[in-house]
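Peer 1: Could you work out the structure for the sequence below:
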Amino acid sequence: MRPRDPRRWRRRRRRALVELHESESSRDPDGGFSSWQVAELSVRRKEIEPLWGPEHLERLARTYWVYLNRTSLGLLRVVYGPGTRKIVVLDPRIVLLAFRAPEYELAPTRGTVTWQIDRGLLVAAPGRRRGFLRLTVERPDGVAAAVTGDGTELVRVQVTSEVRSFFPLLAGWGRFTRLGAAVYRATQLRVHELITTGFLRSLARLELAPSAVGALEAPRLSPPVPR
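Peer 2: Predicted structure coming up:
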């Protein structure tokens with residue numbers, strides 16, 4: 001019998017408890033739509049410490065795009081370009097959503113990554129270069145969620161995904177706005193909520209995809225040059 005790789009066993013063991021707290025959406029006064037999903041992870045302190053840093057915030061963002069690609073069976077993918085991120089369908093020329101390059105905000109107990117919405121086939125004309133998609137990770141400093149029977153301390157980490165001021169083309173305009181808004185909520189918004197909820201649940205594995213850009217990676221020291 002082939003011996004098991006102990007590293008695979010450790011990866012299976014390294015899990016967080018995920019509890020979904022909130023999933024809501026609303027129509028903004030200016031006609032845009034906003035939605036957000038909130039999950040709380042209970043993670044062993046010894047496992048969250050190595051993941052708490054700028055590089056892993058960037059990897060969390062990358063994990064979101066990788067999850068989108070997998071759940072769409074490869075139909076949707078993210079194309080990286082200078083100052084832009086594009087969600088395309090099969091062909092890079094079919095751009096559903098285009099974002100500006102991500103903006104990162106870092107603090108000792110909080111990190112955010114924000115993609116400003118630029119354009120795309122799913123975006124109505126009034127929504128171009130308006131609104132954003134944002135991931136936020138918060139960790140109450142020094143607060144333990146619980147202590148297990150073996151004395152392991154669990155730390156609470158809250159992950160929020162939100163979309164603000166998104167103007168969907170499906171919502172239509174004029175006298176068709178009310179009907180269009182209902183169609184958007186039943187289709188595109190529903191799909192977005194399902195994907196985001198699945199992504200938040202997938203964080204229980206604590207497996208973050210490698211960054212495609214490495215903008216926040218710590219500089220690596222060059223090996224000494226032999227004399």
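Peer 1: And for the longest helix anywhere in the chain, what's in contact with it?
Peer 2: The residue-count maximum for a helix in the chain (DSSP state H) belongs to helix 54-71. Residues from elsewhere that reach helix 54-71 (C-beta atoms under 8 Å, 6 or more residues apart in numbering): 76-78, 85, 87, 102, 104, 106, 111, 113, 135, 137, 161, 195, 198-199, 202-203, 207-218. For glycine as for every other residue, the C-beta is placed from the backbone atoms N, C-alpha and C.
Peer 1: quick one: which of those sit in helices?
Peer 2: Per DSSP H, the contacts of helix 54-71 map to helices at 195, 198-199, 202.
Peer 1: longest strand in this structure, by residue count?
Peer 2: strand 153-166 (DSSP state E).
Peer 1: could you flag which of the contacts of helix 54-71 are buried?
Peer 2: 76-78, 85, 87, 102, 111, 113, 135, 137, 161, 195, 199, 202-203, 208, 211, 216 (16 or more other C-beta atoms under 10 Å).
Peer 1: hmm, back to that, need the ones in helices among the contacts of helix 54-71 in CSV (columns: pLDDT and distance to residue 27).
Peer 2: Below are the ones in helices among the contacts of helix 54-71 laid out as CSV (pLDDT from 0 to 100; distance: C-beta to C-beta, whole Å):
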residue, pLDDT, distance to residue 27
195, 94, 21
198, 94, 25
199, 95, 24
202, 94, 29
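Peer 1: could you point out where this protein is predicted with low confidence?
Peer 2: 1-14, 141-151, 173, 214-215, 217-227 (pLDDT under 70).
Peer 1: residue boundaries of the strands in it?
Peer 2: 17-27, 33-44, 76-81, 84-89, 91-100, 103-107, 110-119, 132-138, 144-147, 153-166.
Peer 1: Tabulate the ones you listed (a markdown table), appending distance to residue 184.
Peer 2: Listed next are the strands of the chain as a markdown table, based on distance: least, C-beta to C-beta, whole Å:
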| stretch | distance to residue 184 |
| --- | --- |
| strand 17-27 | 10 |
| strand 33-44 | 7 |
| strand 76-81 | 18 |
| strand 84-89 | 17 |
| strand 91-100 | 14 |
| strand 103-107 | 26 |
| strand 110-119 | 15 |
| strand 132-138 | 16 |
| strand 144-147 | 37 |
| strand 153-166 | 10 |
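Peer 1: Looking at those, which is nearest to residue 175?
Peer 2: Nearest of those to residue 175, taken as C-beta to C-beta: strand 17-27 at 16.6 Å.
Peer 1: got a list of contacts for the closest one?
Peer 2: By C-beta under 8 Å, 6+ apart, strand 17-27 touches 33-43, 154, 181, 185, 189, 193, 197, 200-201, 203-204.
Peer 1: How about stretch 199-214?
Peer 2: The contact list for stretch 199-214 (C-beta under 8 Å, 6+ apart) reads 11, 14-18, 20, 37, 39, 41, 43, 47, 51, 55-56, 58-60, 62-68, 80, 159, 161, 217.
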